[in-house]
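Chemist: Sequence first, then the predicted structure:
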Amino acid sequence: MMDEAERRYFDGEILRLIANDLGLSRQRLAERLRERGVRLRREKPSSEQVLEMCRAFAAALPIALRI
């Protein structure tokens, strides 16, 4: 069941439609997909991810200024 949900989500279907078909709430399906390591679309990055993005940007900034 979750393999199918994950495949459909990666194929571009929205959570609400997949959850409806599987008899789950959208929230429960999102939770189950996250447990499987799926990064949900339109989900805010975690604090850890924001910090990593800032580090990557800061590391690239001197290169960008030389161009």
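Modeler: Yep, it's here. Residues are numbered from 1 along each chain as shown.
Chemist: Can you give the contact residues for stretch 28-42?
Modeler: M2, A5, E6, Y9, F10, L15, I18, A19, L22, L24 (CB atoms under 8 Å, 6 or more residues apart in numbering). In this view, the C-beta of every residue, glycine as well, is placed from N, C-alpha and C.
Chemist: switch to 10 Å and redo it
Modeler: Residues from elsewhere that reach stretch 28-42, judged by CB atoms under 10 Å, 6 or more residues apart in numbering: 1-3, 5-6, 9-10, 12, 14-16, 18-25, 43, 45, 49.
Chemist: Stretch 49-57 now?
Modeler: R39, K44, P45, S46, A64.
Chemist: before we move on, back to that, mind giving me the ChimeraX select for the contacts of stretch 28-42, buried ones only?
Modeler: The buried residues among the contacts of stretch 28-42 can be selected in ChimeraX (16 or more other CB atoms under 10 Å) with this line:
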select :5,6,9,15,18,19,22,24
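Chemist: Just the contacts of stretch 28-42: which are in helices?
Modeler: Counting by DSSP state H, the contacts of stretch 28-42 place 2-3, 5-6, 9-10, 15-16, 18-22, 49 in helices.
Chemist: Could you export those residues to a markdown table, including columns for pLDDT and distance to L33?
Modeler: As requested, these are arranged in a markdown table below (pLDDT from 0 to 100; distance: CB to CB, whole Å):
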| residue | pLDDT | distance to L33 |
| --- | --- | --- |
| M2 | 93 | 8 |
| D3 | 95 | 11 |
| A5 | 96 | 7 |
| E6 | 96 | 6 |
| Y9 | 95 | 6 |
| F10 | 93 | 10 |
| L15 | 94 | 8 |
| R16 | 94 | 13 |
| I18 | 97 | 9 |
| A19 | 97 | 10 |
| N20 | 96 | 15 |
| D21 | 96 | 14 |
| L22 | 95 | 11 |
| Q49 | 85 | 17 |
